[in-house]
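Undergrad: Prediction below, plus the sequence it came from.
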Amino acid sequence: MELRSRQARITAQFSSSSPRWYAFRVWRRRNGGELPLIIGHRGASAVENENSVAAFARARADGADGVELDAMICGTGEVVVFHDDDLVRLGGRPERIGETSFAILRGVTLTSGAKIPTLEEVFEACGPDMRVNVELKIPSRGPAPVAPLVDGVAAIVERIGAAGRVLASSFHPWAVRLWMRRMPAVPAGLLFEREAPLPLRNAWAAPVLRPFALHPEMVLCTPARVTGWHRRGYAVNVWTVDGAAELAACRRMGVDGIITNDPAKTRALLAG
């Protein structure tokens, strides 16, 4: 009863007369609400290199409902898919993504052997139907090109006709706000984590922003919190969840989506 009433509230918010209705239908839970969506974290990053074309293709092959990726603006304005501010961890090099030209980044072979893909290449690897959660990745230090990133991602989504299967999320409330203004027909999610300052950790911006979804770190989730978020009309997609006990807890709490490193393993555990 609670699930049906919550879905009715969200349906009222995204009514059939609203351009956001199609996006809601795409991002709702699987099998009429019985199972959460399975969303590959940086693709199938447990078995392929994170945020690589191979990782997204593998997530698709492994039956993920969607993927999560990190979108950043490089030094010459292109949107690339990469998590870190710099190449130190994954490339053994000091360059910062936001200060390095696409030509140089394209020539870099990461220590894993992978290349840094563009957002367009990732969409191609995901195929025409897979859901794509684009995290708008804002540098942790230095200039924060929020508006250029939002505009760059939005332009790509419009150009390839992917608006009906995209959800844009960010830890940065202003990025979420700009996305909702730039693409009101495409749902947005607010990310938050335990290590953030208290106001951000408590998703203080959510009542002001009113995004479609909340994306909490798993450690912040309790049955009472998830129920409260649902009662306020939010979809809840939790990250990053791989263990059997945590997956079982997510299912009991009724989360809408599980962001996981191994979509195939997660699907098997949820079905067991």
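TA: All right, it came through fine.
Undergrad: make it CA atoms for all contacts and neighbour counts henceforth
TA: Fine.
Undergrad: how about R141, secondary structure?
TA: Under the three-state scheme (DSSP: H, G, I helix; E, B strand; the rest coil), R141 adopts coil.
Undergrad: Just give the number of residues close to it.
TA: Using other CA atoms under 10 Å, R141 has 7 other residues around it.
Undergrad: Next: the one 10 residues further on.
TA: Burial of D151 is recorded as 15 neighbouring residues (other CA under 10 Å).
Undergrad: for L214, same thing?
TA: By the other CA under 10 Å criterion, the neighbourhood of L214 contains 25 residues.
Undergrad: so who does it touch?
TA: Applying CA atoms under 8 Å, 6 or more residues apart in numbering, we find L214 in contact with 189-191, 206, 229, 234-237.
Undergrad: Adding pLDDT and neighbour count, write these out as TSV.
TA: Compiled in TSV, the contacts of L214 are given as follows (pLDDT from 0 to 100; neighbours: other CA atoms under 10 Å):
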residue	pLDDT	neighbour count
G189	98	30
L190	98	28
L191	98	24
A206	97	20
W229	96	17
Y234	95	24
A235	95	26
V236	96	24
N237	97	26
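Undergrad: In those residues, find the pair that's most separated.
TA: Greatest spatial distance among the contacts of L214 (CA to CA): A206 and N237, at 14.3 Å.
Undergrad: and V80, that's in a strand?
TA: Yes. Assessed with three-state DSSP, V80 lies in a strand.
Undergrad: Nearest residue to it in space, ignoring adjacent ones along the chain?
TA: Closest residue to V80 apart from its sequence neighbours, by CA to CA, 6 or more residues apart in numbering: T118 at 4.3 Å.
Undergrad: contacting residues for the one you found?
TA: Neighbouring residues of T118 by CA under 8 Å, 6+ apart: 78-81.
Undergrad: of those, closest to A175?
TA: Of the contacts of T118, the one sitting nearest to A175 (CA to CA) turns out to be V79, at 15.0 Å.
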